[in-house]
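Enquirer: prediction below, plus the sequence it came from.
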Amino acid sequence: MAHLNFENDMNLLLRLDSAFTEGPVPRWQRKAMEVGRKSGGPSANTSLNSSCRNVSLNMSSCTPMKSSNRSTAKTPSHTPGKAKTPKSGRKSKTPGKSKTPGNAKTPKTPTADRFIPNRSASNFELGHYKCSSDKVHVDEEILSPSKQQYQEAMSENLNGNVMNSKILAYKNKAPQAPEGYQNNMRVLYSQTKTPSSTRKVTRHIPQVPERILDAPEILDDYYLNLLDWSCNNHLAVALGNSVYLWNAGTGEIQQLMSMQGPEDYVSSVSWITAGNFLAIGSSNAEVQLWDVAAQKKVRNMTSQSSRIGSLDWNVYILSSGSRAGTIHHHDVRMEEHHVATLAGHTQEICGLKWSPDGRYLASGGNDNLLNIWGYQCTREGNVPIHSLTQHQAAVKALSWCPWAPSVLASGGGTADRCIRFWNANTGHCLNTVDTKSQVCSILWSKEYKEVISGHGFANNQLIIWKYPTMAKVAELTGHQARVLHMAMSPDGTTVVSAAADETLRLWKCFATDPQKKTSQKLPANKKTNTLLRQQIR
C-alpha cells in the first residue's frame with residue numbers, strides 16, 4: 001500500500017491545474033467557517049460542507065484546526081467602566097435578528113494562490129528554444145537594408161507572431177484578429193476596420209534591373225560624362241569614339257556620329273532642356289551640336305584648348321568645362337558663339353550643372369573645389385559667389401533639388417566619399433553623409449523626396465536615400481565595376497546606370513501609382529523646338 005500512496009502523492013503534485021487537497025485552508029474557507037460559528041446551528045455546518053464539496057471532490061470536510069484556536073468574540077476596544085450606554089431612541093440589535101448563514105454572501109470561485117503556468121496555453125518547445133538559443137547580434141552596417149527587410153519578411157511569414165509570445169502562459173491566449181484590423185491588441189476592444197486612408201503604403205523597390213544593355217568600349221574615366229536622357233525619351237551614350245542613341249519607347253538603337261581621328265574620343269554628351277539637339281564634347285577640344293531628328297551636325301564650336309569633360313545647358317546657353325580648368329559659355333543663337341570664360345579652377349572640371357531656375361551654375365573640379373556662380377556668369381570678368389573647399393577629393397557628382405532650386409547636392413571622390421548638401425543662397429553646408437565609397441553621380445527623384453547616388457569600390461552599388469534624414473531606403477547591386485554615370489527618364493520613374501563593366505542597367509526604383517500620376521505634357525515644347533531650330537546657326 002505504501003507504493004500506492006506514493007504514486008497518489010506524485011499524481012497530486014503533477015496536477016498543477018487542479019485544486020489543492022492538502023495544505024492550509026484558503027482564506028475564503030476560513031471566513032465561511034467563522035460565519036458558521038457565529039451563527040451556530042447545524043445549518044452552518046451544512047452550508048460549510050457543501051461549499052467545501054464545490055471546491056474539491058476529494059475533500060470530505062474542511063480542516064478547522066487554525067480557526068478553532070481563534071476567539072469567536074471580538075476583543076473589546078473600550079474598558080468596562082467606560083462602556084457606551086445605548087440611546088433610548090435607537091433600536092438595539094438583538095441576537096435573534098442576526099444574519100443567518102443562508103443570507104451570507106456566496107464566496108467567489110476559488111482561484112490558485114500562486115503563479116502557476118497553464119500547460120495547455122504554454123508552448124514548451126518555443127520556450128526551450130528561446131532559453132537555449134544564443135542570440136547572435138549582426139552588425140547593421142554589414143547587412144544592407146534590403147537584406148534586413150528580406151530577413152524580417154521571411155521570419156514573419158514563417159513564424160508569424162510566435163516569436164513574440166512569452167515563454168510561460170498563465171491563461172489562454174486571446175483569439176487571433178481577422179484581417180482588416182489595425183493590430184492584434186485591439187480585437188478585444190474594437191470592431192472597426194482600418195480605413196484605407198490610414199493604412200501605411202510601402203513602396204516596392206525592385207532589387208534587380210528592369211533591363212540590361214551592353215555598352216562595349218565605354219571609357220572607364222571618372223572625369224567624363226558619357227550618358228544623358230532627353231525629354232523625348234532618347235538615351236545618348238558615348239562608347240569610345242562614337243555616340244549611340246537608344247529609343248526607350250521602341251527599343252531602337254542607332255549610331256549618331258563617330259569621330260574621325262583614330263586617337264579622338266567622345267568625352268561628354270548633353271541634351272538641350274526642351275529640344276531635339278544634342279551637344280557632344282570631344283577629346284580634341286571641340287563641341288559639336290547635332291540635330292537628332294534630321295541626323296545631321298548643325299554646327300561645330302571650338303574655343304577650348306583641351307578635352308571637354310562636362311557640358312550643360314541653360315536655355316540657349318551651352319556651358320563647357322575643360323581639362324584646363326576653364327568654363328566657356330556658348331550662345332548657340334549667335335555666329336560668334338563664345339560669350340564668356342570663367343576661370344575658377346586650377347585643374348580639370350569634371351562636374352557642371354545649372355540650377356532648374358537658371359540662377360546658379362555649380363562647377364566641380366579635380367582641385368577638390370566646388371564653385372557656385374551667379375546667373376551673371378555668362379558675362380566676362382565674373383568670380384564665383386561661393387567657393388567651397390570642404391570636399392577632400394575631386395567633385396564630379398552634382399545635382400540640384402527639383403522642388404528647392406537653391407539646394408545643391410555634391411559628392412566627392414575616393415579620398416572624400418561624402419555627400420554634402422548646400423544652400424546656394426548662403427553657401428552654408430546643410431548636411432553631410434559619409435557613404436563609405438567613391439561618389440560618382442547623384443540624382444534627385446522627381447516623385448519622392450529621395451536622392452539616389454552611384455558609387456565605386458567596394459560594392460559598386462546604387463543607394464537610395466530619404467531626404468533630409470538621409471536614411472537608407474534601398475541598395476541596388478549588380479554592377480561588377482564602379483558606377484560612373486547615371487541619368488533619369490523623363491517621367492522620373494526609371495534610372496539608368498552606366499558602369500565600367502560595360503553594361504547599362506535600368507532600375508525602375510521611383511515608380512508611382514498610375515491612378516495618382518497625371519501626365520504633364522507641355523504643348524509648348526514643339527513650339528520651343530521650332531523656335532530653337534530657327535535660331536540655332
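Expert: Right, received. Where do you want to start?
Enquirer: where does the prediction get shaky in the protein?
Expert: 1-3, 12-23, 39-115, 133-143, 160-163, 169-201, 380-381, 514-537 (pLDDT under 70).
Enquirer: let's go with 90 and repeat that
Expert: 1-204, 260-262, 273-276, 303-305, 375-383, 447, 457-459, 512-537 (pLDDT under 90).
Enquirer: for Met154, phi and psi?
Expert: phi -60, psi -40 (degrees, to the nearest 10).
Enquirer: what about it, neighbour count?
Expert: 10 (other CB atoms under 10 Å). Where you see a C-beta, it was placed from the backbone N, CA and C, and this is true even at glycine.
Enquirer: go on, Thr202?
Expert: Neighbours around Thr202, by other CB under 10 Å: 7.
Enquirer: pretty sure it sits in a strand.
Expert: No - going by DSSP: H, G, I helix; E, B strand; the rest coil, the assignment for Thr202 is coil, not a strand.
Enquirer: which residues does it contact?
Expert: For Thr202, the contact set (CB atoms under 8 Å, 6 or more residues apart in numbering) is empty.
Enquirer: state the distance from it to Ala487.
Expert: 27 Å (CB to CB, to the nearest Å).
Enquirer: kindly report the same for Tyr222.
Expert: On the measure of CB to CB, Tyr222 and Ala487 end up 17 Å apart.
Enquirer: same thing with Ser155?
Expert: Taken as CB to CB, the span from Ser155 to Ala487 is 38 Å.
Enquirer: what's the answer for Gln347, then?
Expert: Computed with CB to CB, the distance linking Gln347 and Ala487 is 25 Å.
Enquirer: more crowded one of those two?
Expert: More crowded of Gln347 and Ala487, by other CB under 10 Å: Ala487, with 22 against 15.
Enquirer: the more buried one: what secondary structure?
Expert: strand.
Enquirer: can you check Arg30 too?
Expert: Here Arg30 is recorded as helix under three-state DSSP.
Enquirer: next, count neighbours for it.
Expert: 17.
Enquirer: give the contact list for the closest residue to Ser268 other than its chain neighbours.
Expert: Nearest residue to Ser268 in three dimensions, chain neighbours excluded: Gly281, at 3.8 Å (CB to CB, 6 or more residues apart in numbering). By CB under 8 Å, 6+ apart, the contact set of Gly281 is 266-270, 287, 307-311, 320.
Enquirer: what does Cys377 show for phi and psi?
Expert: Dihedral pair for Cys377: phi -70, psi -10, per degrees, to the nearest 10.
Enquirer: need the contact list for it.
Expert: Counted by CB under 8 Å, 6+ apart, Cys377 has contacts 329, 340, 342, 361, 384.
Enquirer: swap in Ile317?
Expert: Ile317 touches 329-332, 339, 378, counting by CB under 8 Å, 6+ apart.
Enquirer: thinking again about what came up before, could I get the contacts of Cys377 in JSON lines, plus columns for neighbour count?
Expert: Formatted as JSON lines, those follow (neighbours: other CB atoms under 10 Å):
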{"residue": "His329", "neighbour count": "21"}
{"residue": "Ala340", "neighbour count": "18"}
{"residue": "Leu342", "neighbour count": "25"}
{"residue": "Leu361", "neighbour count": "25"}
{"residue": "Pro384", "neighbour count": "21"}
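Enquirer: could you dump these to TSV with secondary structure and distance to Leu506?
Expert: Shown next, in TSV, are the contacts of Cys377 (DSSP: H, G, I helix; E, B strand; the rest coil; distance: CB to CB, whole Å):
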residue	secondary structure	distance to Leu506
His329	strand	33
Ala340	strand	37
Leu342	strand	35
Leu361	strand	30
Pro384	coil	36
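Enquirer: closest to Ala458 among the residues you listed?
Expert: Set against Ala458, the nearest of these by CB to CB is Leu361 (33.3 Å).
Enquirer: wait, that closest one touches Ser355, no?
Expert: Yes - Leu361 is in contact with Ser355 according to CB atoms under 8 Å; the separation is 7.4 Å.
Enquirer: which element, helix or strand, includes Met10?
Expert: If you go by DSSP states H and E, Met10 is part of helix 2-14.
Enquirer: Lys38 too?
Expert: helix 27-39.
Enquirer: now for that helix, which elements pack on it?
Expert: helix 42-55, helix 65-68 (3 or more CB pairs under 8 Å, 6 or more residues apart in numbering; DSSP states H and E).
Enquirer: at 6 Å instead, please
Expert: helix 42-55 (3 or more CB pairs under 6 Å, 6 or more residues apart in numbering; DSSP states H and E).
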